[in-house]
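[1] My questions concern the predicted model and sequence given below.
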Amino acid sequence: MSQPLRLLVTKARRTLCAGLAGGLLLISGTYALAQPTRVAETRHPRRYLVDDGYDNRVIGDGDIFSFALPGKRYVQCGTDNTESGPQSSGLALTVVKRDTDTVRFLKPRTHPRGTGLVFVMGAVLEPDYSVTALCDYIATPNTALNRDSVLLLRVDTLGVVRWRRGYALANWVGAPRGLLRTGDGYLFCANRLAFPGVPGPAYTVPHVTKVDFAGRIVWERPLGSRGYGNVGAVFDIAAHPDGSYLALGYADDGSPYVPGASTFGRNDYFVSKFTTAGDTLRTFRFGQPGVHETGTRLRLTPDGGVATIGFRYRPNSAPGSRPQEGQVFQLDSLFRPRWSQMLQWTLNFNWTYRLLQPLVSGDVLCGGVSFLPYAGSTLQQGLITRYNDRGVLQWDYHQRYQNALGAGFNTMVNHADGSAMLTGSTATGTTSSNIRVYGYATYLTNVGVPYEANLCARPPAAYFAAAAAGPAAVQVLESSTAGPRYGVLVAWRWAWGDGTFSDGASPGPHAYASPPPVGTAVTLTVTNNLGCTAAYTAYPFGPLATAPAAAALAARLALYPNPSSGRVALALSGLAPQGPAALALLNPLGQVLRTATAPVRNGQVAATLDLDGLPNGLYLLCVTTREGTATKRLVKE
């Protein structure tokens, strides 16, 4: 980041924070929008450990992750330590209703050796509603043969562990974080030592690991920080609609450095953009000179930019005290800061952001913990703040459970109706001898409609040429495209029409047990690295239609409006019961631009085509069914 931009960001940050300093200490006030409304809340005796710091030299306590299930239920995954014994800290699942009542609590036996500590550092929800968790496993006793490792496992909501894999990664330091599900596996952050064997501070290098759906390592790659010795770390990963990935953390600021000296004050916020193969596309640092800063969460925003949260150590503070101040940034599509806000350190407590959710309006939600003066002591409360797309505070919402003196929000599930389920912890008591910590859940309305980037805005296009290779065999030549600029096809699934399947881009000739009948369909389904799919169907042994019937089929195909400026409705009737119809959009040169499938219901196909992103001109739409292929011209203007 160039010096003029750094000074500009610093100046803007001071101005915004000065205007915000009083606002965050208000429990109520006048706001631009109405605050959320609490509908339900509850606490339970189980609690999840949470690590607020992202320091690679300290073992983390884990984090909490929450996901929506069918039937207005939620599954929460985290680290539970309410038991004693050799497995006192381990993965736990809680299933709760929207009214916050607990359905079940599960603590599967996930420890690889029956002993040790398992801390949940990342989790994703699978299509079958099981949970894949990324864990930091601390073996006991910790010896050269019984070392710390990264643990990846899948567990369902009944507590059954589907599979589990451990990784003793070379020169790995700190806790793994930032688990992301891709089209063919998972990505996670597992930072490494920058200078193994060199005495002094434990410098780290930003590092990402890719594994397949069985947990097998595909690659391990560093992300260039451009700082001294490539020093830095990453803690969160997000997929980008252009087929790339973004990682957030910190990086050395790149100023002259004397090896062995303290690194305090040298960390900038750091964003890296990389491909599905781990190749770095570009990096960006931003922040205030001389201030120790770390990014912890990032999410894409409706304007094509990125929202991030993180923290900085209060300027001019002693390295031993390190008071933290939470920060939120809005970056543009080139990762340049547009605005920032800060939770200022007060009352000798760290103010931290743990939650981040952009909204469809362009506003940004973030939340975590706030500390307020209360009856001569301090009151810890759950906090949510909402800023508009210019960084102006719309409201801040504080909540605690009944008369409890401690509370905090750790995870949030947002819904399209603007409501949200928040999970965290609450505490009773005022001293170390009588304090007790509980799990906590609350359901709020009027929070905001969440924005989720459409990773499939430019979907892949499946296509192949097929020809009969004799009376009982077929040969195919695949020519599908991945979709977005950095997209890559990662899976090919062939359905041969005889109940058998094959995988791979070039499966070779397929032999049937007997000559297949006319109308036998061969379908290819492709998946790109973002998890987007497309399918195409061909009839290598001939469709059922005769030439007159094919003409009649084309006559029944209707497109409207045609010409069109964006969306086109498709309708085709008079079909026999069958599987999905294959749609293909071609340019005048016969090149396949987009493909899709549409179900046949009651003898009819009805679908909507999106022409966004295509230049004006003439196109051909092909609809392939068991009866044949119908083709019509389509004009975009």
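    Sure thing, it's come through. Numbers count the residues shown, from 1 in each chain.

[2] CA-only coordinates of stretch 623-632 in CSV, if you can.
    Once non-C-alpha atoms are left out, stretch 623-632 reads as follows in CSV (Å, rounded to 0.1, in the frame of the first residue of the first chain):
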residue,chain,number,x,y,z
VAL,A,623,-33.8,-27.7,-26.3
THR,A,624,-33.0,-31.5,-26.4
THR,A,625,-35.6,-33.9,-25.2
ARG,A,626,-36.3,-37.6,-25.8
GLU,A,627,-38.4,-36.7,-28.7
GLY,A,628,-35.6,-34.7,-30.4
THR,A,629,-33.9,-31.3,-30.4
ALA,A,630,-35.9,-28.1,-31.1
THR,A,631,-33.9,-25.1,-32.2
LYS,A,632,-35.0,-21.4,-32.3
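
[3] Check the offset of that stretch from the chain's centre.
    Computed by Cα atoms, centre = their mean, to the nearest Å, the chain-centroid distance of stretch 623-632 equals 38 Å.

[4] Per-residue pLDDT of the nearest residue to Thr527 once chain neighbours are set aside, please?
    Of all residues not flanking Thr527 in the chain, Ala491 sits nearest, at 4.0 Å (Cβ to Cβ, 6 or more residues apart in numbering). For glycine as for every other residue, the C-beta is placed from the backbone atoms N, C-alpha and C. The model reports Ala491 with a pLDDT of 96.

[5] and what of Gly23?
    Gly23 is given a pLDDT of 29.

[6] Can you tell me what sits against the one helix or strand the residue nearest to Thr527 maps to?
    Taking DSSP states H and E as the criterion, Ala491 maps to strand 489-495. With Cβ atoms under 8 Å, 6 or more residues apart in numbering as the contact definition, strand 489-495 has outside contacts at 182-184, 276, 460, 476, 478, 480-482, 501-505, 507, 510, 521-529.

[7] Paired strands for it, with orientation please.
    strand 501-503 (antiparallel), strand 522-528 (antiparallel) (DSSP bridges).

[8] And that strand, what's buried?
    Applying a neighbour-count criterion of 16 or more other Cβ atoms under 10 Å, one finds Leu489, Val490, Ala491, Trp492, Arg493, Trp494, Ala495 buried in strand 489-495.

[9] Work out the gap between stretch 522-536 and the centre of the chain.
    Worked out by Cα atoms, centre = their mean, stretch 522-536 lies 21 Å from the chain centre.

[10] likewise stretch 123-131?
    Using Cα atoms, centre = their mean, the offset of stretch 123-131 from its chain centre is 12 Å.

[11] What is the linear distance spanned by that stretch between its boundary residues?
    For stretch 123-131, the separation between the terminal residues is 7 Å (Cα to Cα, to the nearest Å).

[12] Contacts for it next, please.
    65, 67, 69-70, 75, 77, 93, 132-134, 154-157, 162, 179-181, 186.

[13] how does it look with 7 Å?
    Contacts to stretch 123-131, defined as Cβ atoms under 7 Å, 6 or more residues apart in numbering, come from residues 65, 67, 69, 75, 77, 93, 132-134, 154-157, 162, 179, 181.

[14] Check which residues of that stretch are buried.
    Judged by neighbour count using 16+ other Cβ under 10 Å, the buried positions of stretch 123-131 are Ala123, Val124, Leu125, Ser130, Val131.

[15] Going by distance to Gly243, which of those residues wins?
    Nearest to Gly243, judged by Cβ to Cβ, of the buried residues of stretch 123-131 is Val124 at 19.0 Å.

[16] Just give the nearest non-adjacent residue to the closest one, would you?
    Nearest residue to Val124 in three dimensions, chain neighbours excluded: Arg181, at 4.5 Å (Cβ to Cβ, 6+ apart).

[17] what does Gln330 give?
    Distance criterion Cβ to Cβ, 6+ apart; nearest residue to Gln330, sequence neighbours excluded, is Arg338 at 4.6 Å.

[18] Can you list phi and psi of that neighbour for me?
    For Arg338, the backbone dihedrals (degrees, to the nearest 10) come out as phi -100, psi -40.

[19] what's the spacing between it and Ala473?
    Going from Arg338 to Ala473 by Cβ to Cβ, to the nearest Å gives 59 Å.

[20] again with Ser419
    Using Cβ to Cβ, we find Ser419 at a distance of 56 Å from Ala473.

[21] dump the residue contacts of the residue nearest to Pro36 when sequence neighbours are not counted.
    Spatial nearest neighbour of Pro36, chain neighbours left out: Leu444 (4.2 Å); criterion: Cβ to Cβ, 6+ apart. Contact partners of Leu444, counting by Cβ under 7 Å, 6+ apart, are Pro36, Thr37, Arg38, Val39, Ser419, Ala420, Leu422.

[22] just to revisit the earlier point, which members of the contacts of stretch 123-131 define the maximum pairwise distance?
    Across the contacts of stretch 123-131, the longest distance by Cβ to Cβ is 20.2 Å; it joins Leu69 and Leu134.

[23] the more surrounded of these two?
    Shown here are Leu69 and Leu134; by other Cβ atoms under 10 Å, Leu134 has more neighbours (28 against 16).

[24] Nearest to Asn267 among the buried residues of stretch 123-131?
    Using Cβ to Cβ, those come closest to Asn267 at Ala123, 26.6 Å.

[25] Please identify the helix or strand for that closest one.
    Here Ala123 sits within strand 117-125, counting by DSSP H and E.

[26] partners of that strand in the sheet?
    Using DSSP bridges, the strands paired with strand 117-125 are strand 131-138 (antiparallel).

[27] tell me how far whichever helix or strand comes after the partner strand is from the chain's mean position?
    Going down the chain from strand 131-138, the next helix or strand is strand 149-155, by DSSP H and E. Taking Cα atoms, centre = their mean, one finds the center of strand 149-155 at 18 Å from the center of the full chain.

[28] With stretch 416-423 instead?
    So, by Cα atoms, centre = their mean, the centroid of stretch 416-423 is 18 Å from its chain's centroid.

[29] Which positions in it come out as buried?
    Neighbour-count burial for stretch 416-423 [16+ other Cβ under 10 Å]: Gly418, Ser419, Ala420, Met421, Leu422, Thr423.

[30] Take those and keep only those in strands.
    Assignment to strands by DSSP state E places the following of the buried residues of stretch 416-423 there: Ala420, Met421, Leu422, Thr423.

[31] pretty sure the third one contacts Tyr440?
    Translated: Leu422. No: in this structure, Leu422 is not within contact of Tyr440 by Cβ atoms under 7 Å, at 8.4 Å.

[32] Centre of the chain to stretch 492-509, how far?
    Its chain's C-alpha centre and that of stretch 492-509 lie 31 Å apart, by Cα atoms, centre = their mean.

[33] Just the terminal-to-terminal distance for it.
    One end of stretch 492-509 to the other measures 15 Å (Cα to Cα).

[34] What ranges in the stretch 451-600 of the chain fall below the confidence cut-off?
    Within the stretch 451-600 of the chain, the stretches with pLDDT under 70 are 543-548, 550.

[35] which stretches of it form helices?
    For the stretch 451-600 of the chain, helices defined by DSSP state H, counting those that start in this stretch occupy the ranges 547-556.

[36] Show the contacting residues for Ser225.
    Pro206, Val231, Gly232, Ala251, Asp252, Phe270, Thr283.

[37] do Arg285 as well
    Contacts for Arg285 (Cβ under 7 Å, 6+ apart) come out as Met1, Ala251, Asp253, Asp268, Tyr269, Phe270.

[38] Quick check: chain neighbours aside, which residue is closest to Tyr619?
    Counting by Cβ to Cβ, 6+ apart, the residue nearest Tyr619 is Leu634, at 4.6 Å.
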